[in-house]
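Chemist: Just need the structure, nothing else, for what follows:
(one chain, ligands or ions: 1)
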Amino acid sequence: MEFYFAPMEGITSYTYRNLHHRFFGGVEKYYTPFLSPSAENGLSTRELKDVLPENNGEIRPVPQLLVNHPEGFLKGARLLRDLGYREINLNLGCPSGTVTAKKKGSGLLMYPEELDALLDRIFSDPMVTGGEILVSVKTRIGKNSPEEWSQLMEIYNQYPIYELTIHPRIQKDFYKNHPDLEVFSSALEASKNPVVYNGDIFTAADYRRFREQFPAVERIMLGRGLIMDPELGEKLLKIEAEETGMDRVCKETEDGPDLVRLRQFHDALFEAYGELMSGDRNVLFRMKELWAHMIVQFPDSPKLEKRIKKSTHLSEYTEAVNELFKEAGHGL
Ligand SMILES: Cc1cc2nc3c(=O)[nH]c(=O)nc-3n(C[C@H](O)[C@H](O)[C@H](O)COP(=O)(O)O)c2cc1C
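Modeler: Here you go, the predicted model:
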């Protein structure tokens, strides 16, 4: 089994990815949050920064593109190829209203003919047919209804998609309800391309349950679960190693005190954002976004959770975090 770190806009920028990789293992591939190249100008300065090899250390992430026209994709892909990237991911899953209104992300799923035309143009480009780049796709199972899936599956099956990541929710779900495992099961059977599963694997128990139901799946993309618990990839690999009897080596898998490592990771991120961002507000915004997920590891500290959320100065924030870790029994 291989675990991939999902793209998460506002969270998994290069700073986060590099530090996650430095402190934790278990992740085979990291995806960048979506980049939206235009046919004219390619990537923005901010987007370029996220994929420049010098900002990505030893990680070669998979850049993800969010487009509704082939020219934007191909312009971005050319640029990324020249930077040394091989796999490029197409976002057909983003549920945000502003994105779908532009027929991007899962907004394009409602227009099968346009989707087909987009894929046709991308997959007939010499850069793709010649094997210079591999195109993977991350998709939801429909815009308004899971019944849209069978037609989408037919379209995807016409193209040599390097990996098809399926998040089995429809756009309307956003992150509500549950992944539709019935549709996923049919997709797994029908797909001519390798399938990656994505959705609601937050704990070892979730993983065991999923694996029991889908023993044929070989790749899982983890999003919120890894933000909540950055060790999740290591933990799941350990389960794999135990169950298969294989001694697969995971980086830093010693059973040390987890919260100490989490604290070190947190401090490194906090410091890096402080150096990169102008203004305490921006740093706090980033850190609070993280805590919205990571706080599940501190279920007995609702008051400190509130203090972190409400902090307006770095000093207030740091004090609340210090207390949170102290309360959990691991000092500073
Ligand atoms: C804050 C946030 C930002 C996200 N940004 C992206 C993105 O840039 N591209 C993308 O394809 N999916 C994005 N997603 C969706 C995740 O990649 C993933 O598909 C989703 O969280 C379901 O997986 P999970 O249940 O493991 O979290 C985002 C999700 C969240 C919560």
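Chemist: Show the backbone phi and psi for the residue of the stretch 151-300 of the chain found nearest the ligand.
Modeler: Using C-beta to the nearest ligand atom, residue 223 is the residue of the stretch 151-300 of the chain that sits closest to the ligand, at 2.7 Å. Placement of C-beta: from N, CA and C, glycine included. In terms of degrees, to the nearest 10, the main-chain angles of residue 223 are phi -110, psi -90.
Chemist: domains of the protein?
Modeler: The chain resolves into domains spanning 2-244, 258-327 when parsed by automatic domain parsing.
Chemist: how about those domains in TSV, adding mean neighbour count and mean pLDDT?
Modeler: Shown next, in TSV, are these (neighbours: other C-beta atoms under 10 Å; pLDDT from 0 to 100):
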stretch	mean neighbour count	mean pLDDT
domain 2-244	18	97
domain 258-327	16	95
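Chemist: follow-up on the earlier one: can you tell me which residues contact the closest residue to the residue of the stretch 151-300 of the chain closest to the ligand other than its chain neighbours?
Modeler: For residue 223, ignoring the flanking residues on the chain, the nearest one in space by C-beta to C-beta, 6 or more residues apart in numbering is residue 6 at 3.4 Å. Residue 6 makes contacts with 12, 31, 198, 221, 222, 223, 226, as judged by C-beta atoms under 8 Å, 6 or more residues apart in numbering.
Chemist: would you list those in JSON lines and tack on secondary structure and distance to residue 90?
Modeler: Below are the contacts of residue 6 laid out as JSON lines (DSSP: H, G, I helix; E, B strand; the rest coil; distance: C-beta to C-beta, whole Å):
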{"residue": "12", "secondary structure": "coil", "distance to residue 90": "18"}
{"residue": "31", "secondary structure": "strand", "distance to residue 90": "11"}
{"residue": "198", "secondary structure": "strand", "distance to residue 90": "14"}
{"residue": "221", "secondary structure": "strand", "distance to residue 90": "14"}
{"residue": "222", "secondary structure": "strand", "distance to residue 90": "20"}
{"residue": "223", "secondary structure": "coil", "distance to residue 90": "17"}
{"residue": "226", "secondary structure": "helix", "distance to residue 90": "22"}
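Chemist: Between which two of those is the distance greatest?
Modeler: With distances taken as C-beta to C-beta, the most widely separated pair in these is 12 and 198, at 13.8 Å.
Chemist: Just the CA atoms of stretch 111-121, as PDB, please.
Modeler: Extracted C-alpha coordinates of stretch 111-121, given in PDB (Å, rounded to 0.1, in the frame of the first residue of the first chain):
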ATOM      1  CA  TYR A 111     -20.600  19.000 -18.800                       C
ATOM      2  CA  PRO A 112     -19.400  15.600 -20.000                       C
ATOM      3  CA  GLU A 113     -18.800  16.800 -23.600                       C
ATOM      4  CA  GLU A 114     -16.600  19.600 -22.500                       C
ATOM      5  CA  LEU A 115     -14.800  17.400 -20.100                       C
ATOM      6  CA  ASP A 116     -14.200  14.900 -22.900                       C
ATOM      7  CA  ALA A 117     -13.000  17.600 -25.200                       C
ATOM      8  CA  LEU A 118     -10.600  18.900 -22.500                       C
ATOM      9  CA  LEU A 119      -9.100  15.400 -21.900                       C
ATOM     10  CA  ASP A 120      -9.000  14.700 -25.600                       C
ATOM     11  CA  ARG A 121      -6.900  17.800 -26.200                       C
END
